[in-house]
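Asker: one predicted model, sequence on top.
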Amino acid sequence: MRLPPVGRIALLAAACLSAAFADDPLAPLGKVATEWVKTRDQTVKEQMEWASQRELLQTTVAALQERAQALEDQRDLLKARTARNRAELAAMEQENADCRQRLRASEDNLARVDAALVALRPQMPPRLASALTVAYQSLGDAKLGPSERMQVTIAFLTRCEQFDHTVTVGEEVLALQGEAQPRLVDSLYWGLSHGYAYERSSGRAWLGRPTAGGWQWEACPQAASAVRTMLAASRDQAEPQFVAVAAQLGEGTK
């Protein structure tokens, strides 16, 4: 079989190389030396590259270690702050709980006071009870908040205290003992303890006082002159003077 020209050239070149190596016994050693030189060059290059990068890596490692230490310090600080915050939060929660308990106790006390004020309404002087109508309506409002209820209660008690420390004179329509219909009279109250009613047309007088059944007006003919004198003095129609008036203390009248 005949080979193509390219095949004959390749076989010829291979034969020539074999002859050349066969003629030079040092050829294999030279090949090994060449490979070793290449390997050595590559090793030196790798060593130089490693040397150049080692310093960078060492610097990077040191920076990372420093950063890690800083983060650990920050973590410890945050733990300490968190513990302190938790303690402060616990103290605040306890204080809030105490405040809520005191607020509930205050609301209960306020409710008892308001209930007592409402129960006292029938025993109050009619003029004062009428003046406190709006306050009584507010006290009976279940939707009223604690703050507003406290304001209403304080205003209520202040108004009662002012009335109790003054002599109140004026005209009003009252339901009187022995009268079928309410009558227009002049009234004079000595604080919350008692009061007098005087009808100018008839010259009759009544003594008013709080009782267990509420405020009552009782006919008191012996007080008519003294009451008329006190009313005149209160209107600057007469000079003030000492008078003896009827007053009921307990079950008796003096």
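Answerer: On my side now, so go ahead.

Asker: strands along this structure, start to end?
Answerer: Taking DSSP state E, the strands of the chain run over residues 167-174, 183-190, 194-199, 204-211, 214-219, 248-249, 252-253.

Asker: could I get the ones you listed in TSV, plus columns for mean pLDDT, distance to R102 and mean neighbour count?
Answerer: All C-beta spots, glycine's among them, are computed from the backbone N, C-alpha and C. Converted to TSV, the strands of the chain look like this (pLDDT from 0 to 100; distance: least, C-beta to C-beta, whole Å; neighbours: other C-beta atoms under 10 Å):
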stretch	mean pLDDT	distance to R102	mean neighbour count
strand 167-174	93	38	14
strand 183-190	93	38	19
strand 194-199	93	40	22
strand 204-211	92	34	21
strand 214-219	92	36	17
strand 248-249	62	41	14
strand 252-253	44	46	10
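
Asker: N109: which of those is closest?
Answerer: strand 204-211 (24.1 Å; C-beta to C-beta).

Asker: the closest one packs against which elements?
Answerer: Using 3 or more C-beta pairs under 8 Å, 6 or more residues apart in numbering; DSSP states H and E, the elements in contact with strand 204-211 are strand 183-190, strand 194-199, strand 214-219, helix 224-234.

Asker: quick check: bridge partners of V167?
Answerer: Beta bridges link V167 to W190, judged by DSSP bridges.

Asker: ok, F156 to C220 distance?
Answerer: Using C-beta to C-beta, to the nearest Å, one gets 30 Å for the distance from F156 to C220.

Asker: which of those two has more neighbours?
Answerer: Between F156 and C220, counted using other C-beta atoms under 10 Å, C220 has the larger neighbour count: 22 against 18.

Asker: helices of the stretch 1-150 of the chain, start to end?
Answerer: Here the stretch 1-150 of the chain has its helices, by DSSP state H, counting those that start in this stretch, at 5-23, 27-120, 126-131, 133-139, 146-164.

Asker: could you pull up the contacting residues of L139?
Answerer: Listed by C-beta atoms under 8 Å, 6 or more residues apart in numbering, the contact set of L139 reads D114, L117, V118, R149, V152, T153, F156.

Asker: contacting residues around the last one?
Answerer: Listed by C-beta under 8 Å, 6+ apart, the contact partners of F156 are L117, L132, A135, L139.

Asker: just send these back as a markdown table, with distance to L231 too.
Answerer: What follows is these, written out as a markdown table (distance: C-beta to C-beta, whole Å):
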| residue | distance to L231 |
| --- | --- |
| L117 | 30 |
| L132 | 24 |
| A135 | 28 |
| L139 | 33 |
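
Asker: return the helix or strand in this structure with minimum mean pLDDT.
Answerer: Scoring the helices and strands of the chain by mean pLDDT, DSSP states H and E places strand 252-253 at the bottom, with a mean of 44.

Asker: do I have it right that R228 meets Y198?
Answerer: Yes - with contact defined as C-beta atoms under 8 Å, R228 and Y198 form a contacting pair (6.1 Å).

Asker: overlap in contacts of those two?
Answerer: Counting by C-beta under 8 Å, 6+ apart, the shared contacts of R228 and Y198 are A205.

Asker: poorly predicted segments of the stretch 101-250 of the chain, please.
Answerer: By pLDDT under 70, the weakly predicted segments of the stretch 101-250 of the chain are 248-250.

Asker: ok, now how distant is L64 from L207?
Answerer: 100 Å.

Asker: ignore the last one, A115
Answerer: Taking C-beta to C-beta, one finds A115 at 30 Å from L207.

Asker: and if you look at S201?
Answerer: S201 is 19 Å from L207, by C-beta to C-beta.

Asker: next, count neighbours for V113.
Answerer: With other C-beta under 10 Å as criterion, V113 counts 16.
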